[in-house]
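Participant: when you get a sec, could you give me coordinates for this:
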Amino acid sequence: MDFKLPKPGKKTDSTLLALVVLLLAVGLVLLYSTSAYNGRVKFNDPAYYFKKQLFAGLLGLAGMYLISHMDYHRLLRYAPLLYLISIGLSTAVLFVGSSINGSKRWLALGPLSFQPSELAKAAVILFLTWVTEETRQKLSGWRFMVLVFASTVPIVALVGSNNLSTAVIILGIAVILIFVTNPRYVPFVGIGGAGIAIVAVFLSLESYRLERLAIWRDPEAYEKGFQTIQGLYAIGSGGIFGKGIGSSLQKLGFVPEAQNDMIFSIICEETGLVGACLVMLAFGLLIWRLMVTSVHAPDLAGTLIAAGIMGHIAIQVILNIAVVTNTIPNTGITLPFISYGGTSVAFLLVEMGLALSVSRFEK
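Facilitator: Next up is the predicted model:
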């Protein structure tokens with residue numbers, strides 16, 4: 001792999017780096033508090049989930065450091081290969097994937113499990129940037145937009161067959177990158193219609209997805225609405241300042257698998273409205289810093305990479321909090337850096353390394 005140290009005078013974006021480390025550290029504390037009960041009950045180890053997340057975080061930090069010291073222009077050369085690998089792994093999930101909690105999204109690698117859909121997000125950001133760099137001088141207007149949007153269809157179809165929420169995130173990333181390259185509003189009416197049609201098709205393919213819509217409208221009428229109701233109880237019982245770290249009652253089996261998608265509800269219960277707002281503020285600052293990196297990037301490739309990462313984080317945070325508060329139907333999406341998930345944390349940190357690489361070459 002090619003390495004290129006930053007030019008003299010270009011230093012690491014300390015603000016972006018500090019925000020990433022802060023979210024990772026706070027996430028580990030909140031995860032331990034949330035998961036200790038389940039770890040003790042299931043594995044006789046209250047630190048079980050914490051230790052696995054810490055290991056993934058350390059791997060991710062190593063990856064972030066290495067990627068941040070690479071020239072992102074050279075990394076783009078490998079974008080098509082990375083995209084093909086992502087498609088291959090996502091295809092493998094359909095045939096030899098492992099099911100966890102009823103969802104077939106993982107590939108088993110010995111004692112470890114790997115979620116290819118997390119790789120797909122980073123792969124799509126790099127691949128669409130590469131496609132744009134290769135075609136923007138040859139195509140324009142509708143033809144360019146259709147080409148970029150169509151480039152995401154294979155991975156969206158594969159990922160969406162068993163993970164609709166991640167497919168929606170990938171579509172959102174594609175739309176953001178198209179808009180950054182071609183900022184006109186009218187064509188997005190067609191793109192929006194196509195995106196809605198794709199989501200509608202995936203919803204109709206599986207009955208449980210339509211059931212989630214019904215549960216969202218009236219969770220008390222369905223047995224599967226239990227998680228949503230208990231999550232709302234947790235949010236409401238936290239009040240302004242919360243019950244204190246480690247003092248949640250809802251994590252004691254009332255909110256199933258609280259350390260995963262519903263962790264924000266436990267954050268609200270233990271730290272209250274103040275703690276929840278501080279967590280959202282940290283994410284807001286991270287998104288703002290990624291936007292600054294995108295605006296000040298030296299070229300279009302850097303702008304698209306940083307904007308794609310910004311879009312990924314923003315969409316995922318909004319979707320997770322919206323699900324936990326029952327603003328939208330349950331989609332099974334994690335809260336970045338905080339929810340339990342080693343693959344997610346590792347690849348998020350690799351994406352942060354890409355953003356740091358772009359920041360080192362800022363104008």
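Participant: what's the closest non-adjacent residue to Tyr48?
Facilitator: Once flanking residues are discounted, Tyr48 sits nearest to Gly39: 3.7 Å by CB to CB, 6 or more residues apart in numbering. To be clear about C-beta, it is placed using only N, CA and C from the backbone, and glycine gets the same treatment.
Participant: that neighbour sits in which helix or strand?
Facilitator: Following DSSP states H and E, one finds Gly39 within helix 14-43.
Participant: ok, the residue nearest to Tyr48 touching Lys52?
Facilitator: No - using CB atoms under 8 Å, Gly39 makes no contact with Lys52, being 9.6 Å away.
Participant: where does the prediction get shaky in the stretch 1-150 of the chain?
Facilitator: Applying pLDDT under 70 to the stretch 1-150 of the chain picks out residues 1-10, 99-104, 110-111, 137-141.
Participant: can you verify my assumption that Leu171 contacts Ile155?
Facilitator: No - taking CB under 8 Å as the definition, Leu171 is not a contact partner of Ile155, at 10.1 Å.
Participant: quick one: buried residues of the top strand by length along the chain?
Facilitator: Secondary structure assigned by DSSP state E gives strand 103-109 as the longest strand of the chain. Under the neighbour-count criterion of 16 or more other CB atoms under 10 Å, strand 103-109 has Arg105, Trp106, Leu107 buried.
Participant: if we ignore the residues flanking it in sequence, what's nearest the residue most central in space within the chain?
Facilitator: Central residue of the chain (CA atoms, centre = their mean): Gln316, 4.9 Å from the mean position. Once flanking residues are discounted, Gln316 sits nearest to Pro336: 5.4 Å by CB to CB, 6+ apart.
Participant: in JSON lines, list the buried residues of strand 103-109 along with distance to Leu17.
Facilitator: Below are the buried residues of strand 103-109 laid out as JSON lines (distance: CB to CB, whole Å):
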{"residue": "Arg105", "distance to Leu17": "30"}
{"residue": "Trp106", "distance to Leu17": "30"}
{"residue": "Leu107", "distance to Leu17": "31"}
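Participant: hmm, back to that, got the confidence number for the residue nearest to Gln316?
Facilitator: Pro336 is assigned a pLDDT of 96 by the prediction.
Participant: that one in helix, strand or coil?
Facilitator: What DSSP: H, G, I helix; E, B strand; the rest coil gives for Pro336 is coil.
Participant: so the helix or strand containing the residue nearest to the centre of the chain versus helix 14-43, what angle?
Facilitator: Assigned by DSSP H and E, Gln316 belongs to helix 300-324. Orientation of helix 300-324 against helix 14-43 (axes from the mean of the first three to the mean of the last three CA atoms, to 10 degrees) gives an angle of 40 degrees.
Participant: pull out the buried residues from helix 300-324.
Facilitator: 301-321, 323-324.
Participant: packing partners for that helix?
Facilitator: helix 72-75, helix 116-135, helix 164-181, helix 263-295, helix 342-359 (3 or more CB pairs under 8 Å, 6 or more residues apart in numbering; DSSP states H and E).
Participant: weakest of those in terms of mean pLDDT?
Facilitator: When I compare those, helix 164-181 is least confident, with a mean of 87.
Participant: quick one, it and strand 103-109 angle?
Facilitator: 90 degrees.
Participant: and helix 164-181, what does it pack against?
Facilitator: helix 116-135, helix 141-151, helix 153-160, helix 187-205, helix 300-324.
Participant: wait, which of those is closest to Ile235?
Facilitator: helix 300-324 (7.4 Å; CB to CB).
Participant: that closest one - what's its average pLDDT?
Facilitator: Here the average pLDDT along helix 300-324 is 95.
Participant: check stretch 155-162 too.
Facilitator: Across stretch 155-162, pLDDT averages out at 83.
Participant: mind listing what's buried in that stretch?
Facilitator: Ile155, Val156, Leu158, Val159, Gly160, Ser161, Asn162.
Participant: against Thr129, how distant is the spatially closest residue to the first one that is not a sequence neighbour?
Facilitator: By that I understand Ile155. Using CB to CB, 6+ apart and skipping residues adjacent in sequence, the residue nearest Ile155 is Ala120, 5.3 Å away. Distance of Ala120 to Thr129, given as CB to CB, to the nearest Å: 15 Å.
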